[in-house]
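**Q** Structure, please.
(2 chains)
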Protein chains: 2
Amino acid sequence: MKWPEKVTIKEVGPRDGLQNEKVIIPTESKIEWIDQLSDTGLSYIEATSFVHPKWIPQLSDASLVAKGIRRNPTITYAALVPNERGLEAALEGKIDEISVFMSSSETHNLKNINKSISDTLPILKKVIQAAANSGKSVRGYVSTVFGCPYEGEVTMDQVFRVCDQLFDYGISEVSLGDTIGVASPKQVASFLEGAVKRYDSERIALHFHDTRGMALANVLQALEHGVVTFDSSLGGLGGCPYAPGASGNVATDDLVHMLHNMGIQTGINQDKLIKAASTMQTFLEKPLPSHQMAVYNAQ
Amino acid sequence: MKWPEKVTIKEVGPRDGLQNEKVIIPTESKIEWIDQLSDTGLSYIEATSFVHPKWIPQLSDASLVAKGIRRNPTITYAALVPNERGLEAALEGKIDEISVFMSSSETHNLKNINKSISDTLPILKKVIQAAANSGKSVRGYVSTVFGCPYEGEVTMDQVFRVCDQLFDYGISEVSLGDTIGVASPKQVASFLEGAVKRYDSERIALHFHDTRGMALANVLQALEHGVVTFDSSLGGLGGCPYAPGASGNVATDDLVHMLHNMGIQTGINQDKLIKAASTMQTFLEKPLPSHQMAVYNAQ
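**A** Modelled structure (predicted):
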C-alpha cells in the first residue's frame, strides 16, 4: 500500500491558530467553538496554551476554556505548557495530554523561548517527568525542523539531537514543525527516510505550515513514508506570524478534503467541519483562508 | 529517479488567467506584461485566444496582442482557436503553435462550446489539419478530465476516446484539464497509470486548477508518473469561474518555487516571475492569490 487507510488529525486551531489572530475572541465564544469542534469527529483537540498571559494575551483565559468546554470522552484535549507552573494550571484544568515545545535551531529557540537549547532541555525534562507522575502523556513540539527564519538550513542531526532528548525524557510523540513553511516534498522525503529508521513512525507527527503552498504535497510525501499523524488548524486560522497575509498552519478542512478524496479515513465529518469554520468566521468577522472555505464562501 | 531533472512550464496566464478577470486590461498593458513574461525564462506562453469577442471580451484584442508582443525566438507563443476562422486570424498574427479545446464530458462540452462532442470533433479535425498544412503544431486541451461540474464523474474511457481522436487528427500534445479542481492525488495516480501506457508521457501535459488546494500535490503525483509538462497561470491569475473567490489555475510562481526547491529545473527566474506578477497586480489593482505573492505582498 502506497497510502495508509486511516490518518489521525490533531486540531491545533484553538491554540496555534488563535494565538496568531489579533482579534481577541471572548472566552464563551472559544468554548462554543471548541464544543462545535468536539462534534466533528476529531479525536484530538489542542484546546489552549498555559503560557504567561503577557506572551499570548489571546490565550490568557486558558483555565476558563479548559474548565468550560464540554468533554467528549473519546477526544483527547491537549494544552501547551512552557514550564512546571503551566503544567500545574493544565493539570488543574483536567487537560488530557500535555504539549511541550522547543526549536531545533538555536536562534529560533532563543528568540521564541528566551533560552538556549541546552537551558531549555532540563526545564522540559522536569515538565515531562512531572506530567508522567500525574499520569499524563506528553507530546513534544520541535520547531524549525525544515528551516529556521534566522539560521536558514537546519541539519537532520540538530533535529535528531533534540528529538532524542525529548523521547529519552518520556514524550509519547514528537510533532515536527515546518514553522515557516519552507519544506519541499523532496526535503520531507529525505528527512523522513532518516527519521522513520530512527523513531517509530507511529510516534512521529508532522506539523506543516502552508506559507509557500506546499503543505498538502508534503503531507502526501509523509504518507508515503508511513507517517499517519498530522497537525492542522481549521480554516487555516491564524495565518503566518512571519509574513502577515500569508498562509499559516495547513487547514484542517483542506487536509481532510484531500484525504477523504483519496479514500483515506479520518473519522471527521466535512460538513460539520465547514460549519465550525463558518462559526469562527463569524467571530472574527473575516473569511478564513482555506481553499474549502473560499469555495464555501463563494456559494 | 523518483522525480525528473527538468520540467516544462507552459504559461497560460495571458489566456486562461485573463479570460477569467473582469477588469479589462488595455492592449498595451497586456503587451507590456507578456514582454515581461518573455524575459523570465519561460519557454512557452499562451498569449491570447482567437475566439469570437462576444464570448470573451477580455481577449477581443487577440490580433493586436499577437502583433504587438516582442518575440523571443527561443519561446513558443501559442494561441487558442475554436475554429478555422480563429485559425486564420492566429496564422495572420504569426502565432507559433495553435491550441484547440474541447471537453471529455458531453454536458460541459455542450455548455462551453454549444456543440455535442461528436459535432465538435470534425471541426477540430479541420483546424488541426489546416494548421498542420501551414506548418504549425497543435496542442489539444481536453477539459473536465477528472470531473465535470454538470455530470460529476468522468470515466477514463471518455477521456481516452477524445484524446485518441485528437492524436489521430495530429495534435502534438494533449493538455489534460482538471477544469474544476477536483482531482485528488490518488485519482491523478490511477488515471496516469493508464494514460502513460496509452500515450507517450512526453505528449501529455497536465492542467491543474487549485480550487481545492490539491494542485501541487497532484503535480507531485504526475511527476512520479513521468509527466514533465504542466500548465500554470502566473500569480494564480483568473481565479475560478465556477466559484468566485476560489483558486483557479495553479500559480506559475507556486509551481516554480516547489520545483526549484526540489532541485528540478524549469529555466525560469523566480525573481523575474514575481516582478511580472507584481506588474499584473498593478494593472488589476488587486493582489494576486498565489502563495508566493502573498509572501511578497507581506514584505
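**Q** which residue packs closest to residue A:109, ignoring adjacent ones?
**A** residue A:103 (3.8 Å; Cβ to Cβ, 6 or more residues apart in numbering or on different chains). Using the backbone N, CA and C atoms, a C-beta is placed for each residue, glycine as well.
**Q** Quick check: buried residues in stretch A:19-38?
**A** Buried residues in stretch A:19-38, counted by 16 or more other Cβ atoms under 10 Å in any protein chain shown: A:19, A:20, A:21, A:25, A:30, A:31, A:32, A:33, A:34, A:36, A:37, A:38.
**Q** What is the nearest of those residues to residue B:200?
**A** residue A:20 (47.6 Å; Cβ to Cβ).
**Q** Without its sequence neighbours, what residue ends up closest to that closest one?
**A** In space, and not counting its chain neighbours, residue A:20 is closest to residue A:238: 3.7 Å by Cβ to Cβ, 6+ apart.
**Q** which residues sit in contact with the one you found?
**A** Taking Cβ atoms under 8 Å, 6 or more residues apart in numbering or on different chains, we find residue A:238 in contact with A:13, A:16, A:17, A:18, A:19, A:20, A:21, A:248, A:249.
**Q** Would you check that the second one makes contact with residue A:234?
**A** Just to be clear, that refers to residue A:16. No: judged on Cβ atoms under 8 Å, residue A:16 makes no contact with residue A:234 at a distance of 10.8 Å.
**Q** neighbour count winner among those two?
**A** Neighbour count, other Cβ atoms under 10 Å in any protein chain shown: between residue A:16 and residue A:234, residue A:234 has more, with 34 against 23.
**Q** Was I right to think the more buried one contacts residue A:251?
**A** Yes: judged on Cβ under 8 Å, residue A:234 makes contact with residue A:251 at a distance of 6.9 Å.
**Q** Count the residues that sit near the residue nearest to residue A:115 when sequence neighbours are not counted.
**A** Nearest residue to residue A:115, sequence neighbours excluded (Cβ to Cβ, 6+ apart): residue A:109, at 6.9 Å. Neighbour count of residue A:109, defined by other Cβ under 10 Å: 25.
**Q** What of residue A:202?
**A** Residues within reach of residue A:202, counting by other Cβ under 10 Å, total 14.
**Q** so it sits in a helix?
**A** Yes: according to DSSP: H, G, I helix; E, B strand; the rest coil, residue A:202 belongs to a helix.
**Q** distance of it from chain B?
**A** Look at residue A:202 and chain B: by Cβ to the nearest Cβ, to the nearest Å, they are 23 Å apart.
**Q** And residue A:109, which helix or strand is it part of?
**A** Using DSSP states H and E, residue A:109 sits within helix A:106-113.
**Q** For residue A:45, which three-state class applies?
**A** Going by three-state DSSP: residue A:45 is strand.
**Q** Go ahead and confirm residue A:146 touches residue A:191.
**A** Yes: counting by Cβ under 8 Å, residue A:146 touches residue A:191, with 7.0 Å between them.
**Q** Helix or strand: which one has the closest residue to chain B within the stretch 1-150 of chain A?
**A** Proximity of the stretch 1-150 of chain A to chain B (Cβ to the nearest Cβ) peaks at residue A:3, 7.0 Å away. Secondary structure assignment for residue A:3, by DSSP H and E: no helix or strand.
**Q** From residue A:220, how far off is it?
**A** For residue A:3, the distance to residue A:220 (Cβ to Cβ, to the nearest Å) stands at 8 Å.
**Q** before we move on, what about residue A:198?
**A** Distance, residue A:198 to residue A:220, using Cβ to Cβ: 22 Å.
**Q** Could you do residue A:251 as well?
**A** In terms of Cβ to Cβ, residue A:251 sits 15 Å off from residue A:220.
**Q** could you point out where chain A is predicted with low confidence?
**A** A:1 (pLDDT under 70).
**Q** Let me see the ranges of the helices in the stretch 151-299 of chain A.
**A** All helices of the stretch 151-299 of chain A, identified by DSSP state H, counting those that start in this stretch, fall at A:156-169, A:185-198, A:215-224, A:252-261, A:270-284, A:291-298.
**Q** circling back to that earlier point, tell me which two of the buried residues of stretch A:19-38 sit farthest apart.
**A** Checking the buried residues of stretch A:19-38 with Cβ to Cβ, the most distant pair is A:20 and A:38, at 22.2 Å.
**Q** Burial check on the nearest residue to the residue of the stretch 1-150 of chain A closest to chain B once chain neighbours are set aside, number of neighbours?
**A** Distance criterion Cβ to Cβ, 6+ apart; nearest residue to residue A:3, sequence neighbours excluded, is residue A:223 at 5.2 Å. If you count neighbours by other Cβ under 10 Å, residue A:223 ends up with 20.
**Q** Pull the contacting residues for residue A:223.
**A** Residue A:223 touches A:3, A:4, A:7, A:264, counting by Cβ under 8 Å, 6+ apart.
**Q** which bits of chain A sit near chain B?
**A** Residues of chain A lying close to chain B by Cβ under 8 Å from any Cβ of the partner chain are A:2-3, A:182, A:184-187, A:189, A:210-214, A:216-217, A:219-221, A:240, A:243-247, A:251, A:254, A:257-258, A:261-263, A:290-292, A:294-295, A:297-299.
**Q** Filter those residues down to just the buried residues.
**A** Neighbour-count burial (16+ other Cβ under 10 Å) applied to the residues of chain A next to chain B gives A:3, A:182, A:184-187, A:189, A:210-214, A:216-217, A:219-221, A:240, A:243, A:246-247, A:251, A:254, A:257-258, A:261-262, A:290-292, A:294-295, A:297.
**Q** which residues in the stretch 1-150 of chain A form strands?
**A** A:8-11, A:44-49, A:76-80, A:97-103, A:137-143 (DSSP state E, counting those that start in this stretch).
**Q** Thanks a lot, see you next time.
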